[in-house]
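A.B. asks: Quick one: sequence plus predicted model below, questions after.
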Amino acid sequence: MPFEIFVALRYLRDGRLQTWLILAGIGVGVAVIIFVSALIVGLQESIIERTLGSQAHVVVRPPEEMPRVLARSGGELQAAEVQRPPQRVRSIVGWKQVEVLLRRTQGVRAVAPTVSGPALAVRGPGSISVNVRGIDLETYSAIVDVRSRLVQGAFNLDGFHAVVGMELARKLGIGVGGRLRLQVPGDRGGVYTVSGIFDYRSQSLNEGLVFISLRGAQTLFGVEGGVSTLEVVGTDIFAADALAADITDRTGLVADSWMSQNRDLLTGLRSQSASSVMIQVFVILAVALGIASVLAVSVVQKAREIGILRATGTRSASITRIFLLQGAILGTVGSLLGIALGTALALFFVSLAKNPDGSATFPVALTPLLYGRSVAVALAVGLVAAVVPARDAARLDPATVIRNG
């Protein structure tokens, strides 16, 4: 065993009470870091999944129709009236070329053409306003995993088949195999057979969203061969604003990111992250002060022994390494204790509350990255906290401490 490690372990063993107290402090500190980080990251991932699990990162659509000037005449006086035209489902001009351009854009992972517009779902005397979304199932599955949300029937959109949400099916009193009419402006409409029922875990989506085939939606909204939106998923969900701006610059189309549509949610996520960072900073400072104080006391207690080591030829660099090794050992062992304690605390917290479907009400994200980061932080804190005591120990004058010891 190397000399420095042997001496470092002996010093830690001689001060058993101090060693165990600081290990307990480091362990609790690391446990707090793991628990808070795992809880906040888990909650953020759950919120993001519920929000983005049902929508694209960026939605590209044609610009709105501009207001037109209407001339108004009456005798010798004339006036102009600016009137905003009613918005309608319109196709993106040259959408296939735009789709190819988007797929080649850096930061884009998947693109899906869709036709989306308002309609009235009618069955007998009942009717509900819905949003009809025409999709190609294969390309759209890269945007939203719609198959995993199916709870009844099959996700079949061939011909005049539709997949509806649970709330819409309940309110219209319809099940798999039933029929409903989709009526859109312009006296267009069609009768569709319900092939499946989905659950998005959102009442508004379960009540107001209907899937049909892309070709069927093109016919229904009178945009044969066209698409009204191109839905995009990026490689980084928090770079959606920058990606939307880049798409607008490249295409001249309107690109709305999920971040611009969910500003309040984004503010909440950032506040959670800031709170987590502040808690971790204060915990790290407390751990660092604890290690530094223990090692400073050790320098005072072991001053005579350090002087003897110096007098027998031990270099000041070796003395420095002895105390740095003590800090590293305390940080490493304490972090391992903290990982065990933090993991047990997080798993216990998860088991306290469950949703009706068995999932955790408060999910946690315990990842190898979190564990590795915690060990690295504790090790770094141990080394940094040991710097001053190690320097003081190396500067001790052997003759003085032996004479006065």
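C.D. replies: Sure, I can see it. Residues are numbered from 1 along each chain as shown.
A.B. asks: Every contact and neighbour count from this point should use C-alpha atoms.
C.D. replies: OK.
A.B. asks: got any ranges where the stretch 301-405 of the chain has weak pLDDT?
C.D. replies: Within the stretch 301-405 of the chain, the stretches with pLDDT under 70 are 301-313, 355-360, 393-405.
A.B. asks: The chain too?
C.D. replies: Residue ranges of the chain with pLDDT under 70: 1, 11, 52, 65-88, 298-313, 355-360, 393-405.
A.B. asks: for it, what spans make up the helices?
C.D. replies: With helices called from DSSP state H, the chain shows them at 3-14, 16-52, 95-103, 137-140, 166-172, 203-208, 214-220, 240-251, 258-261, 263-301, 303-311, 316-352, 368-394, 398-404.
A.B. asks: between those, which gets nearest to residue 184?
C.D. replies: Across the helices of the chain, residue 184 has its closest neighbour in helix 214-220 (7.5 Å, CA to CA).
A.B. asks: who does that closest one touch, helix- and strand-wise?
C.D. replies: Helix 214-220 is packed against strand 108-123, strand 126-135, strand 188-198, with contacts defined by 3 or more CA pairs under 8 Å, 6 or more residues apart in numbering; DSSP states H and E.
A.B. asks: The ones you listed into a markdown table, with extra columns for distance to residue 146 and mean neighbour count?
C.D. replies: Conversion of these to a markdown table gives the following (distance: least, CA to CA, whole Å; neighbours: other CA atoms under 10 Å):
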| stretch | distance to residue 146 | mean neighbour count |
| --- | --- | --- |
| strand 108-123 | 13 | 21 |
| strand 126-135 | 11 | 20 |
| strand 188-198 | 8 | 20 |
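A.B. asks: I'd like those strands as JSON lines, with distance to residue 54 appended.
C.D. replies: Converted to JSON lines, the helices and strands packed on helix 214-220 look like this (distance: least, CA to CA, whole Å):
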{"stretch": "strand 108-123", "distance to residue 54": "14"}
{"stretch": "strand 126-135", "distance to residue 54": "12"}
{"stretch": "strand 188-198", "distance to residue 54": "12"}
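A.B. asks: Of the ones you listed, give the one that comes closest to residue 371.
C.D. replies: Between residue 371 and the helices and strands packed on helix 214-220, the shortest gap by CA to CA is with strand 108-123, which sits at 29.1 Å.
A.B. asks: Nearest the middle, which residue of this protein would you pick?
C.D. replies: Nearest to the geometric centre of the chain sits residue 45, at 4.2 Å (CA atoms, centre = their mean).
A.B. asks: That residue and residue 206: what is the separation?
C.D. replies: The spacing between residue 45 and residue 206, counted by CA to CA, to the nearest Å, is 22 Å.
A.B. asks: next one: residue 320
C.D. replies: 66 Å.
A.B. asks: and if you look at residue 354?
C.D. replies: 22 Å.
A.B. asks: Comparing those two, which shows the higher neighbour count?
C.D. replies: residue 206 (21 against 13; other CA atoms under 10 Å).
A.B. asks: what about the more buried one, distance to residue 151?
C.D. replies: Distance from residue 206 to residue 151, by CA to CA: 12 Å.
A.B. asks: number of nearby residues for residue 105?
C.D. replies: If you count neighbours by other CA under 10 Å, residue 105 ends up with 15.
A.B. asks: One more: residue 125?
C.D. replies: Residue 125 - counted by other CA under 10 Å - has 6 other residues nearby.
A.B. asks: same check, this time on residue 100
C.D. replies: Look at residue 100: counted by other CA under 10 Å, it has 11 neighbours.
A.B. asks: Distance of it relative to residue 127?
C.D. replies: As judged by CA to CA, residue 100 and residue 127 stand 39 Å apart.
A.B. asks: again, but for residue 8
C.D. replies: 79 Å.
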